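Engineer: Any chance you can model this:
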Amino acid sequence: MILPVRERYCQMGYYKRPKHDRLKNRQLAWEFVATGGVYKYDWDRQGFHSVDLADPFTPKLYNKNPFFMPNNLSRTTILIEDVILKRLNDITDEDVMQEGYVEESGRYGLPGTFEGNWRRSPLEAYADEWELLHGKDSWTENPEIIQLVFKKI
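Structural biologist: Okay, here's the model as predicted:
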């Protein structure tokens, strides 16, 4: 299976005034109208806009949610080579390192995270991150997980 990787992006355009839905007695959402092919992926958030209610009709470069990114704008595409059903605690140090964890000065963690959260082994670091995301004792519950093996194409 081939999948485009979606990411936050910016697009030149403006917003059309919402219409009123008489049947449901509510106002519909603002509709984005793209005016050009100016796309930017890596940006500092200053200078880009969310919906500018004061002046929505002047074309500007707007932040766009990755969920709505058209496939043809994807910079990265992946090919899923295998799907593996396994238990969480069966994950190996090599699997953790493939998740993006790195080793610095004998400690393991995710780049860009607080170094106080880095641990002595990749599995320790991954277990801490798992419990941070899924709640206390979620690591010891050892749920079934789906491991995707993929390569960038």
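
Engineer: from here on, contacts and neighbour counts on C-alpha atoms
Structural biologist: Will do.

Engineer: ok, residues contacting stretch 84-102?
Structural biologist: 108-111, 121-123, 126, 139, 142-149 (CA atoms under 8 Å, 6 or more residues apart in numbering).

Engineer: Pull out the buried members of those.
Structural biologist: Buried members of the contacts of stretch 84-102, scored by 16 or more other CA atoms under 10 Å, are Tyr108, Gly109, Leu110, Pro122, Leu123, Tyr126, Trp139.

Engineer: Could you pick out which of those are located in helices?
Structural biologist: For the buried ones among the contacts of stretch 84-102, the ones inside helices are Pro122, Leu123, Tyr126, with DSSP state H as the criterion.

Engineer: so what pLDDT did the last one get?
Structural biologist: So the one you mean is Tyr126. pLDDT, Tyr126: 93.

Engineer: And for the first one?
Structural biologist: We have a pLDDT of 93 for Pro122.

Engineer: How about the contacts made by it?
Structural biologist: Asp93, Val96, Met97, Tyr101, Tyr108, Gly109 are the contacts of Pro122 under CA under 8 Å, 6+ apart.

Engineer: Okay, it and Leu132: tell me how far apart.
Structural biologist: Using CA to CA, to the nearest Å, Pro122 is found at 15 Å from Leu132.

Engineer: do the last one as well
Structural biologist: When CA to CA is the yardstick, Tyr126 and Leu132 sit 10 Å from each other.

Engineer: ditto for the second one
Structural biologist: For Leu123, the distance to Leu132 (CA to CA) stands at 14 Å.

Engineer: follow-up on the earlier one: Trp30: which of the contacts of Pro122 is nearest?
Structural biologist: Nearest to Trp30 among the contacts of Pro122, counting by CA to CA, is Tyr101 at 40.3 Å.
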